[in-house]
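Novice: test case, fold it:
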Amino acid sequence: MRDTTSPKTRTVKVWDPVVRSFHWLLVLAFAGSWGLGEWGPNQMTWHFYFGYFIAGLVGVRLIWGFVGTRTARFSSFLFGPGKVVAYLRHLPSREPSNWIGHNPMGGWSVFIILGLLIAQIATGLMSDPKDYINVGPLAQYVPGSISDLSVKLHSIISKLLLIVVGVHISAILFYKRWKGENLVGPMITGKKVVEED
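Specialist: Residues are numbered from 1 along each chain as shown. Okay, the predicted model is just below:
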């Protein structure tokens with residue numbers, strides 16, 4: 001007979017203000033930068049400003065990944081293949097994961113997103129589309145072949161980032177609907193309700 005008693009829960013602090021601010025400011029800045037890149041004016045000054053802001057956010061997050069709170073540190077969510085496979089085996093279960101901080105899949109998604117953002121920032125800084133107005137500030141310091149390649153890579157990475165964002169949102173919906181686990185609330189309040197061990 002199935003046990004219908006409700007498990008005991010506790011509330012834990014999971015995300016500090018730096019991580020939460022980084023997350024939501026990045027959401028806004030990425031949306032603004034991408035929107036201006038796709039539909040903005042020909043002179044993309046504001047696209048550049050959003051890009052510089054994203055670069056600043058990423059810089060802060062990289063530093064915080066080494067000196068921040070426990071769940072913010074990269075060392076707390078850098079998992080090897082064994083942990084990832086074990087977590088994937090549990091993923092189809094309808095039970096909440098009750099993971100405090102990034103789970104093994106979420107941890108790797110953070111590294112992928114940060115890596116893509118760093119590549120996007122670098123290619124944006126070195127891009128020269130030969131229109132004489134939207135030249136990245138570092139384009140003059142690299143060979144023309146690199147600045148030309150940067151324009152193409154910047155467009156490709158933009159699409160990859162959109163795919164990753166889509167997967168991220170899909171994962172949030174999956175956890176909410178399938179596992180009954182709210183991942184958005186903790187990123188707003190900093191606290192998460194988990195079942196007692």
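Novice: secondary structure element holding Pro48?
Specialist: One correction, residue 48 is Phe, not Pro. Assigned by DSSP states H and E, Phe48 belongs to helix 45-67.
Novice: not counting that helix itself, show me its contacts.
Specialist: Under the contact criterion Cβ atoms under 8 Å, 6 or more residues apart in numbering, helix 45-67 has outside partners 18-19, 22, 25-26, 29-30, 32-33, 36-37, 40, 72-74, 114, 117-118, 120-121, 124-125, 134. For the C-beta atoms, the positions are set from N, CA and C on the backbone; glycine is no exception.
Novice: whichever of those end up buried, select them in ChimeraX.
Specialist: Here is the ChimeraX command that selects only those of the contacts of helix 45-67 that count as buried (16 or more other Cβ atoms under 10 Å):
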select :19,22,26,29,30,32,33,36,37,40,72,74,117,120,121,124,125,134
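Novice: which ones among the contacts of helix 45-67 are found in helices?
Specialist: 18-19, 22, 25-26, 29-30, 32-33, 36-37, 114, 117-118, 120-121, 124-125 (DSSP state H).
Novice: quick check: Gly101 is in a helix.
Specialist: No: in this structure, Gly101 is coil, not part of a helix, as judged by DSSP: H, G, I helix; E, B strand; the rest coil.
Novice: need the contact list for it.
Specialist: When contacts are counted by Cβ under 8 Å, 6+ apart, Gly101 touches 14, 70-71, 76-77.
Novice: I'd like the distance between it and Val167.
Specialist: According to Cβ to Cβ, to the nearest Å, Gly101 and Val167 sit 19 Å apart.
Novice: same for the least confident helix or strand in the chain by mean pLDDT, what does it pack against?
Specialist: The helix or strand of the chain with the lowest confidence, counting by mean pLDDT, DSSP states H and E, is strand 191-195 at a mean of 85. Identification of packing neighbours for strand 191-195 by 3 or more Cβ pairs under 8 Å, 6 or more residues apart in numbering; DSSP states H and E yields strand 9-13.
Novice: the strand it packs on vs strand 191-195, what angle?
Specialist: What separates the directions of strand 9-13 and strand 191-195 is an angle of 150 degrees, with axes from the mean of the first three to the mean of the last three Cα atoms, to 10 degrees.
Novice: partner strands of strand 9-13, with direction?
Specialist: In the sheet containing strand 9-13, its partner strands are strand 191-195 (antiparallel), by DSSP bridges.
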